[in-house]
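**Student:** Can you look at this prediction? I've put the sequence above it.
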Amino acid sequence: MAVKRKRKSPAVENEIINLTNVSKAYSTGAPALKDVNLHISRGEFVFIVGDSGSGKSTLIKLLLRELTISSGYINVMGYDLSKIKHRKIPKFRRNLGIVFQDFRLLKDRNVYENVAFAQRIIQKSNKEIKKNVPSILAIVGLAGKYKAKPRQLSGGEQQRVALARALVNQPTILLADEPTGNLDPKNSWEIMKLLEQINENGTTVIVVTHNREIVNAMQKRVVTLRRGVIISDEEKGGYIDED
Amino acid sequence: MRISTLFYTLKQGFRNIFRNKLFSLASIATIAACLFLFGIFYAIVANFQHIVKNAEEGVSVWVFFDEGIEDIRIQQIGDMIAKRPEVAKMEFISAEQAWEGFRDEYLGEYGDGFTENPLENSANYQVYLNDVSMQSALVTYLESIDGVRMVNRSELVATTLTGVNALIAYVSAGIIAILLAVSIFLISNTVAIGISVRREEINIMKYIGATDFFVRSPFVVEGILIGLIGAAFPLGFIYAIYNVILSYVTERFPQLSELLSFVSVEVIFNVLVPVSLGLGVGIGFLGSIVTVRRHLRV
């Protein structure tokens, strides 16, 4: 299958993610990704789209170094992820923010504690936490709900908390895995606007999604995966349906 | 490590115990039961060893001399015996003292009929040992000394006491080893359950960039705290009941208290407190560290 390319190669010095001829096969032998070439520059906003089983989740797991590649070369923010030592993985991940479809908030802790949790993990001082958490909650529009427990919030609000938690450590790259999957259209748009705003402030944003309407409307770079292969990579692309 | 991280880790360790109340309680109860048994067992062993030690101190060896031996040689033999490390104390019994003792104990007024000392050649050294198991070696040595005619000893008492001592040591080591293994297994299970309950939180920590140490340490703190609490309860309980039991035994069986002397609770606790707390912390640390290493590859 010929790859539809409408992008110029990014300048190497500005490249933040580099996947060259990356393949990933699971222990069953089934290939999840085949010969993937993907280059993302600092400050880009990229949609990764594709149907179930297309390899989107595998790609995210490779970028997080939750999985290792079977062959090829993968470099994220200067870390060669096929060679990175186990003890260096936490340091690498501190430059990534991650948002999930199911929010993954700590249900026994309130909004403030959920966000502060991310700062504690990277061993920020209490003074820094008290300064950073309220300011990030203000950015996502939840300053007034810092005492609420996740069950007292709507889906959209919970996703904002997850976003605040991902952003509070000022990541270089934000990975959002189906961030609007559990939200209604109104909340979905609000989350996407927040992501766009975050991107405008310099963070590289990678969004994995099924949401055709959002992808088509936002006119961002779209990488389409099908059965583990990149079939399209367009600068201002749209959602490509499976024939 | 930052002070705030240290406090956070300790706080999370405490919270883990409360989050997982039932399992924590079960672990604390089992460790408390194990360490209670250990404490009771230790108190019994300490008392028994104290009694055995007292009995050992009463076991002596008698050294008799050749007929017509000079006093200076007796003195030299005494010096040689006193230098032996297994000798706790020794006493010289002259022929006259030996006869007086025998007469008073066995003959009473019938002894007055003797005009000469029938035990003229019975001057001896009465030698007490530190450790009855060394009796044979000492006797062999004593028999080899020039001027020594005969060495008397109580073989049966020495062998019995040595055997009882060894038996107590083996049985106590065996029981303690079993109790420790059970406790470690239980803590390990509690921590493993805690890990599975908090799997989601651990995954989030992992994605955010928590180090292995940061993720694991609250579980180790949890294990140590469970061990510590589990050790504190039986110590308090044993302290409360020890004197009660001793007074009961001495009042109910007065003949026993005349024969045997018991160790005070303070002496028992000088050893039991640090050992029990150390065991509690050790069990908690070992049980949790083994489990986090097995289940928490971050």
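**Tutor:** Received the coordinates, thanks.

**Student:** name the element the closest residue to chain A within the stretch 51-200 of chain B belongs to?
**Tutor:** Across the stretch 51-200 of chain B, no residue is closer to chain A than B:Glu200, which sits at 6.6 Å (Cβ to the nearest Cβ). C-beta coordinates here come from the backbone N, C-alpha and C atoms, glycine included. Assigned by DSSP states H and E, B:Glu200 belongs to helix B:199-208.

**Student:** in the helix or strand where B:Leu6 lies, what counts as buried?
**Tutor:** B:Leu6 belongs to helix B:3-19 when assigned by DSSP H and E. For helix B:3-19, burial by neighbour count (16 or more other Cβ atoms under 10 Å in any protein chain shown) applies to B:4-5, B:8-9, B:12-13, B:16-17.

**Student:** can you tell if the following helix or strand past the helix holding B:Glu200 touches chain A?
**Tutor:** The element immediately downstream of helix B:199-208 (helix or strand, assigned by DSSP H and E) is helix B:212-252. Yes: interface with chain A: helix B:212-252 contributes B:212, B:214 (Cβ under 8 Å from any Cβ of the partner chain).

**Student:** which residues of chain A score low on pLDDT?
**Tutor:** For chain A, the stretches flagged by pLDDT under 70 are A:1-13, A:242-243.

**Student:** go on, the stretch 51-200 of chain B?
**Tutor:** B:56-59, B:111, B:115, B:154-159, B:161-162.

**Student:** Going by neighbour count, list what's buried in the helix or strand B:Ile268 falls within.
**Tutor:** Per DSSP H and E: B:Ile268 is located in helix B:265-295. By neighbour count, with 16+ other Cβ under 10 Å as the criterion, the buried positions of helix B:265-295 are B:265, B:268-269, B:272, B:275-277, B:279-292, B:295.

**Student:** and A:Phe100, how far is that from B:Gly280?
**Tutor:** Per Cβ to Cβ, to the nearest Å, A:Phe100 is found 40 Å from B:Gly280.

**Student:** Ok, A:Ser82 next?
**Tutor:** Relative to B:Gly280, A:Ser82 is positioned 45 Å away (Cβ to Cβ).

**Student:** that older thread, check the buried residues of helix B:265-295 one by one and keep those near chain A.
**Tutor:** Of the residues in the buried residues of helix B:265-295, proximity to chain A by Cβ under 8 Å from any Cβ holds for none.

**Student:** B:Phe285 is in contact with B:Leu225, correct?
**Tutor:** No: using Cβ atoms under 8 Å, B:Leu225 is not in contact with B:Phe285, being 10.6 Å away.

**Student:** that older thread, of the buried residues of helix B:3-19, closest to B:Pro85?
**Tutor:** Nearest to B:Pro85 out of the buried residues of helix B:3-19 is B:Gly13 (Cβ to Cβ; 49.8 Å).

**Student:** quick one: secondary structure of A:Ile69?
**Tutor:** Following DSSP: H, G, I helix; E, B strand; the rest coil, we place A:Ile69 in the coil state.

**Student:** which ones are touching it?
**Tutor:** By Cβ atoms under 8 Å, 6 or more residues apart in numbering or on different chains, A:Ile69 lies in contact with A:22-24, A:62, A:81-82.

**Student:** Now with 10 Å, please.
**Tutor:** Counting by Cβ atoms under 10 Å, 6 or more residues apart in numbering or on different chains, A:Ile69 touches A:19, A:21-25, A:33, A:36, A:58, A:62, A:81-82.

**Student:** Max pairwise distance over these: which two?
**Tutor:** Maximum pairwise distance among those (Cβ to Cβ): 16.6 Å, between A:Ala25 and A:Leu81.

**Student:** what about the two, which has more around it?
**Tutor:** Neighbour count, other Cβ atoms under 10 Å in any protein chain shown: between A:Ala25 and A:Leu81, A:Leu81 has more, with 21 against 16.
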